[in-house]
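*Asks:* following is a predicted model, sequence given first.
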Amino acid sequence: MSDQALPITPATARGLLAGIPGVAFILLAMIVVFQIGNPRFLSAVNLANIGLQASLLMMLALPMTLVILTSGLDLSVGALIGLAAVIIAALLVAGLSIFTALAVAAGAGLVVGLLNGFMISTFGLPAFVVTLGTMGLCEGLALALTNGEPIGGFTPAVEAFYRSAVLGVPTPVLVAVAFYALLSLVLYRTRFGIYIIAIGGNKDAVHLSGVRADLVHMAVYVVCSVSVALSAVLLLGRANSAHPTVAIGMEFEAIAAVVLGGTSFEKGQGGLFGTVLGVLAITVLRNGLNLLSVDPSLQVVCVGLLLIAALLIDRNRKRVVTRIAE
Amino acid sequence: MTTTQASLLPAPPTVPIPMLVRLAMIVVICLALSFTSPAFATIDNGLNLLRQASLLFLVASGLTLVIIGGGLDLSIGANLTLCACLSASAIKYTGQPMAGVAVSLVGGTLVGLTNGLLINRLKIPPFLATFGMLWVAQGIAYWFMAGQVIYGFSPAFRFFGSGFWLGVPVPIWVMLAVGAGCLAFLTRTTVGREIYIMGANEAAASLSGIPIARRRMLLYALSGFAAGLSALIYVARLNAAEPGIGEPLLLPAIAAVLVGGTSLFGGSGSILGTLLGAIILTLIVAALNLLNVGSAWHPFVTGAIVLLAMLGDAFAARGTRR
């Protein structure tokens, strides 16, 4: 190691290692273990499959990152995507165009986002209980609209879109990548993004420096809800039917992915790239456990254990990083 | 020393006016319902409604303690599910109702202690730790039951849920006992008063020598114990256990606590309020049923109640803080 071109001092090594969330190591370890357990794990077919599975979770976890950066939380995304799927499916069955259906779903997302944002930003109410309430609203509406029955029999174009590919890459993966690029641009290259991170640090300071912090704070919830409502198309394409409560629980995986990626609920720390790693870790875990035919209920338990493991690693990171570097 | 320490503690809540408002709400709803349906204002129906309220109150009682202490327990519903499934299976396997009681109470408490440990050791916010626990407990319950329903218990065990003592259903007695216990704990013990200080200002509580981590463990353990106890009553009442029973209880339990006037900001609230909140929520569900509103609307209505109760809480907080 001594004859390397770049002199790596303990300080730079520490900096490089500290920039990587703990989940990256877990992800790498999981890939190795699953590849040994099943040689087809890293095949092109399975990789495309992982990408497809990750794309929907990515659409929920990326905007959730913005919410968590503001020290908030959105528990309503799972119920909302279910409601939006029901709305889109019902309108398509009624003979309306996909654009009208999407517009109505986005409108529903807008209402939910405004409600969340208003109560959290203007009244300073705890986000996790406000969004639990709106989760109840969305779940109840979806159940009442459908009488608890799934809606199917809409245009096959939705599934065709989900199954299509451009240059061998599944379209949903491209959608997720484009969404990642867009949100990165917003978060790291615009004032709005800077304000989001600043609100997580100190909302009062942002407000006192002349920024409408309450509106920025509210907008974060609107962005989250609207993009989640639009992502319902991917959910519809995957299942080819709209079940009112099938997506409840997705909010857990989305939040888990963000926290795995190293975004914390305090002081606006973290970022979108970590969330991508978190999403990949969860998807790889579930895919690998599927190949080992582990019960889906136990897979959820494993996601919880993965979360604890990553939090433990990140908590002890400073010590570990220092030890490696020295 | 005891006198100076006592003066630091906030005075026990002696203002019953908000409670009177809630009592008035109950009376108004009851009057309205007895006008719409003649079958409503009977002793049988009253006891039946109180028995339903008692289940909700038991789940919400532990949550009330946790929220007063400045925390939150989102895992109570899933904890109840897990305890119900494990205890039902223990009863079936051993044939001893007491085995089920032990499994449920110990299991619920252990889940609660794990919550406390996660919050204390990993330094993660309570809602995150207990939200993760929700899905872990739920997942274990679904895996454990593998699509089965356990049903048909001995009359000795079902007595806890559907028996009568002195003409009053047993769950109502349990509700009264737990309520009295919580009331005595919160208002008559030093630890109970410390929990109010901890919820109002954790840093100040820590500086004044209150062992925050240990009190937190106690609160989450009590919340888990309450979930285990509710699981027993629930299984004994339904005469069945399956992994879908607990999760729909989380939102109503939070609604009962909020309607009861316990603040989500911590440091204020009462167990009596939660009791009245549970009764109000049960009456609202009864009213929805009388009005032929489908059960699909229940999550919507409960969600709306949570949001409205929070707005009320926020306005009350604005009034006192400024």
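*Replies:* Perfect, thanks for sending it.
*Asks:* CA only for contacts and neighbour counts going forward, please
*Replies:* Fine.
*Asks:* and the helices in the chain, which stretches?
*Replies:* Picking chain A for this. A:10-18, A:22-37, A:44-69, A:77-93, A:98-117, A:127-146, A:157-163, A:171-189, A:191-208, A:213-239, A:250-260, A:272-291, A:296-315, A:317-325 (DSSP state H).
*Asks:* that was the other one, I meant chain B.
*Replies:* Under DSSP H, chain B gives helices at B:2-8, B:17-36, B:43-68, B:76-94, B:97-122, B:126-145, B:155-162, B:170-188, B:190-200, B:202-207, B:212-238, B:250-259, B:271-290, B:298-321.
*Asks:* okay if I get these as TSV plus mean neighbour count?
*Replies:* Shown next, in TSV, are these (neighbours: other C-alpha atoms under 10 Å in any protein chain shown):
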stretch	mean neighbour count
helix B:2-8	9
helix B:17-36	14
helix B:43-68	24
helix B:76-94	27
helix B:97-122	21
helix B:126-145	23
helix B:155-162	18
helix B:170-188	18
helix B:190-200	21
helix B:202-207	14
helix B:212-238	25
helix B:250-259	28
helix B:271-290	22
helix B:298-321	19
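*Asks:* could I get those as CSV with distance to chain A and mean pLDDT?
*Replies:* Formatted as CSV, those follow (distance: least, C-alpha to the nearest C-alpha, whole Å; pLDDT from 0 to 100):
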stretch, distance to chain A, mean pLDDT
helix B:2-8, 28, 44
helix B:17-36, 21, 82
helix B:43-68, 12, 90
helix B:76-94, 13, 92
helix B:97-122, 7, 92
helix B:126-145, 4, 90
helix B:155-162, 28, 81
helix B:170-188, 24, 91
helix B:190-200, 14, 90
helix B:202-207, 17, 88
helix B:212-238, 18, 93
helix B:250-259, 7, 92
helix B:271-290, 14, 90
helix B:298-321, 4, 80
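*Asks:* contact partners for the most centrally placed residue in chain B?
*Replies:* Central residue of chain B (C-alpha atoms, centre = their mean): residue B:60, 1.2 Å from the mean position. Neighbouring residues of residue B:60 by C-alpha atoms under 8 Å, 6 or more residues apart in numbering or on different chains: B:253-254, B:256-257, B:274, B:278.
*Asks:* please repeat the previous calculation with a cut-off of 10 Å.
*Replies:* For residue B:60, the contact set (C-alpha atoms under 10 Å, 6 or more residues apart in numbering or on different chains) comprises B:54, B:66, B:76-77, B:223, B:226-227, B:230, B:249-250, B:252-257, B:271, B:274-275, B:277-278.
*Asks:* please apply the same query to residue B:100.
*Replies:* B:83-94, B:106, B:157, B:232.
*Asks:* ok so, going back, okay, the helices of chain A in TSV with mean pLDDT and distance to chain B next?
*Replies:* Below are these laid out as TSV (pLDDT from 0 to 100; distance: least, C-alpha to the nearest C-alpha, whole Å):
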stretch	mean pLDDT	distance to chain B
helix A:10-18	60	19
helix A:22-37	86	14
helix A:44-69	91	11
helix A:77-93	93	11
helix A:98-117	94	10
helix A:127-146	91	4
helix A:157-163	85	28
helix A:171-189	92	24
helix A:191-208	85	15
helix A:213-239	92	16
helix A:250-260	91	7
helix A:272-291	90	14
helix A:296-315	84	4
helix A:317-325	57	13
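*Asks:* mind checking which of the ones you listed is nearest residue B:113?
*Replies:* With C-alpha to C-alpha, the closest approach to residue B:113 among the helices of chain A belongs to helix A:296-315: 15.5 Å.
*Asks:* just name whatever secondary elements the closest one is in contact with.
*Replies:* helix A:22-37, helix A:250-260, helix A:272-291, helix A:317-325, helix B:97-122, helix B:126-145 (3 or more C-alpha pairs under 10 Å, 6 or more residues apart in numbering or on different chains; DSSP states H and E).
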